[in-house]
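Coordinates only, no sequence provided:
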C-alpha cells in the first residue's frame, strides 16, 4: 500500500511543481504535508471527491505591489510588497509580515500554507496568510523604516481589515515596524481597529505577545516530555537564534529548570556551558533589541566560546530548539544531535529542519515537535489580542499566559490524537498535519465550492 501512496504523492507534487515552478520552499512544505495527508484522505473519500487538498495548496488571493520610498539621502528606493491570502475557511486571514532580503513568492507561499494548518491547530477562528517585502530594516534609520512602512501600508491597507485579513510581525517586523504600519493604516482609514497584532500595550496590544512563540515552543517541549514521564528540569538545551523567539524560549526554559547553553545569529553561535541565566539574558536582550549588535559580543563579555560561521547543532544537549529560520538543521546536523544524546526537538522557527533531518528524527523516535504545532503560541496570542480588541478590554499577564499554556496543551493533545503509532510512540508530524487539516477541510466542505 505504501507504494500506492508514494505514487499518489508523486503525482500530486508533479502538478504542484508544474503550477508553481522554482518555488522550492513551497514545494518542500507541501510535500511534507501531503505525504501524511494522502493516506488519510484515501480513507475519507469526501475530501478526495471535493478536491480539498488541491484547493488547499492554491491561495485564495495573491497580492503583489511595488513599494517606493525615500531614503535619508533623498534618493528613491523601490521594493516589492506581497500578501498571500491563503485560506479563510475558518476565519479572517491571519499571519505575519516578513521584511528581509530573502523574501520572495515561494517563501511566503510556504509560510502561508503552513499558517493555515497552524492557525487551525490553535482552535481559534483564524484563516491563514503571510506577507512581507524584500526590504531589509537592518542598517536603516528609524526615519527610513517609517517611510518604507508608510508606503507599504498605503497599498496593503486596501486589502486588509479586522474581519478580512489581520497581519502581524515576523522576521524584520517588530514593535517599531508594527507601530509605523498601524499609524499609517489609522491615518488612511480613519479608524482605530484591531487590524494588526503585536501592537504596543498602550494602544491595543496584548501582554505575553512578544514572549508567546518562545514560551509556546517551550510549553510544547514540556508536554512532549510528559509523555515519557519527564520534564525540562535539569535538561541541557541548545537554542538557535537570538531574536524574539530565542530570547523568550531561553527565559522560559530557565524558569522551568532547564539550562540553555547556546544562542546564535547569522554570523555564528556562542556556547556557554555555565548556562545563559536571567542576568545574561538581560544582556542579550539589550544587545539585540537596543544596540542591535552581534552575538559574538556576548562571548567577549562572558568569556565563553564563539564559533564563527557555524550553527549550534554540534553541541551536546538533551533538547534542541531551532528558533532562527527555515532549513537551519540539515541531515548531518540532525545525526550529530542524535549521536550527542539529544532526544527532543521543538521548533520555534518555521520549517527549520530539512526533510532529511526530519527523517533522522523520525527514525531515532525522537520527540519532534514540528513548527506548525510547536511554534503556534505566537499566532495563538495574536488571536487572543484580536479577541481583546473586539471586546475593547485587556486581560492580565496571568490570564493570557494561562490561555497560551492551555492552547499549547490542546495542540499537543490533537497531535497525539491523530499521530499515535501502533507501538505507542507519537508521530507529531502526522498528528499536526491531520489535526490541522480536518477542521479546515470540514469547513470548506460545509461552505461549498469556494
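Received it, and whenever you're ready, just let me know what you need. Since the model is a prediction, treat every value here as computed from it, not as a measurement.

what are the ranges of the helices in the stretch 251-400 of the chain?
Using DSSP state H, counting those that start in this stretch, the helices found in the stretch 251-400 of the chain span residues 278-285, 296-302, 331-339, 355-363, 371-374, 377-391, 397-419.

and residue 369, how many neighbours?
Residues within reach of residue 369, counting by other Cβ atoms under 10 Å, total 31. The way it works is simple: take the backbone N, C-alpha and C, and place the C-beta from them, glycine included.

ditto for residue 31
Count around residue 31 with other Cβ under 10 Å applied: 16.

okay, now the domains of this structure?
1-32, 66-200, 206-389+398-450 (automatic domain parsing).

hmm, back to that, between the helices of the stretch 251-400 of the chain, which one is closest to residue 149.
Residue 149 sits nearest to helix 377-391 of all these, at 18.6 Å, using Cβ to Cβ.

Output the contacting helices and strands for the longest strand along the chain.
Across the chain, the longest stretch assigned as strand under DSSP state E is strand 76-87. Packing partners of strand 76-87 (3 or more Cβ pairs under 8 Å, 6 or more residues apart in numbering; DSSP states H and E): strand 61-70, strand 93-99, helix 105-121, strand 128-133, helix 142-156, strand 165-168.

just the angle between that strand and strand 61-70, please?
160 degrees (axes from the mean of the first three to the mean of the last three Cα atoms, to 10 degrees).

buried sites along strand 76-87?
77, 79, 81, 82, 83, 84, 85, 86, 87 (16 or more other Cβ atoms under 10 Å).

Nearest to residue 53 among these?
Nearest to residue 53 among these, with distances taken as Cβ to Cβ, is residue 87, at 12.0 Å.

follow-up on the earlier one: closest to residue 65 out of the helices of the stretch 251-400 of the chain?
helix 377-391 (23.5 Å).

buried set for the closest one?
Going by neighbour count (16+ other Cβ under 10 Å), the buried part of helix 377-391 is 377-389.

Ok, stretch 420-427 next?
426, 427.

rewinding a little: need the helices of the stretch 251-400 of the chain in JSON lines with distance to residue 131, can you?
Converted to JSON lines, the helices of the stretch 251-400 of the chain look like this (distance: least, Cβ to Cβ, whole Å):
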{"stretch": "helix 278-285", "distance to residue 131": "27"}
{"stretch": "helix 296-302", "distance to residue 131": "32"}
{"stretch": "helix 331-339", "distance to residue 131": "30"}
{"stretch": "helix 355-363", "distance to residue 131": "26"}
{"stretch": "helix 371-374", "distance to residue 131": "18"}
{"stretch": "helix 377-391", "distance to residue 131": "14"}
{"stretch": "helix 397-419", "distance to residue 131": "24"}
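
out of those helices, deepest packed?
Comparing those on average neighbours per residue, with mean count of other Cβ atoms under 10 Å, the densest one is helix 371-374 at a mean of 30.

For residue 213, give its distance to residue 166.
Between residue 213 and residue 166 the computed distance is 17 Å (Cβ to Cβ, to the nearest Å).

what are the phi and psi angles of the residue positioned nearest the centre of the chain?
By Cα atoms, centre = their mean, the chain has its centre lying nearest to residue 350, at 4.3 Å. When read as degrees, to the nearest 10, the backbone of residue 350 gives phi -90, psi 120.

my guess is residue 317 meets residue 340, correct?
Yes: at 6.8 Å, residue 317 and residue 340 qualify as touching, with contact defined as Cβ atoms under 8 Å.

okay, the two: which has more neighbours?
residue 317 (25 against 16).

can you list contacts of stretch 417-434?
The set of residues external to stretch 417-434 that reach it, using Cβ atoms under 8 Å, 6 or more residues apart in numbering, is 32-33, 36-37, 40, 117, 121, 224, 227, 358, 362, 365, 367-370, 372-373, 411, 414-416, 435, 438.

Any idea how far apart the tips of it sit?
10 Å (Cα to Cα, to the nearest Å).

what pLDDT, on average, does it get?
For stretch 417-434, mean pLDDT is 94.

Give me the distance between that stretch and the centre of its chain.
From the chain centre to the centre of stretch 417-434 is a distance of 21 Å (Cα atoms, centre = their mean, to the nearest Å).

Tell me, please, where in the protein the pLDDT is lower than the cut-off.
The chain contains residues with pLDDT under 70 at 1-2.

Contacts only, for residue 37.
Shown in contact with residue 37 (Cβ under 8 Å, 6+ apart): 53, 433, 434, 437.

go with 6 Å
Contact criterion Cβ atoms under 6 Å, 6 or more residues apart in numbering gives 433, 437 as the residues in contact with residue 37.

Measure how the helix or strand where it lies sits relative to helix 355-363, angle-wise.
Assigned by DSSP states H and E, residue 37 falls within helix 24-43. Taking the same axes, to 10 degrees, one finds helix 24-43 and helix 355-363 inclined to each other by 40 degrees.

Next, the buried residues of helix 24-43.
The neighbour-count check on helix 24-43 (16+ other Cβ under 10 Å) flags 25-41 as buried.

next helix or strand past that helix?
In N-to-C order, the element after helix 24-43 by DSSP H and E is helix 45-49.

buried set for that following helix?
Neighbour-count burial for helix 45-49 [16+ other Cβ under 10 Å]: residue 47.
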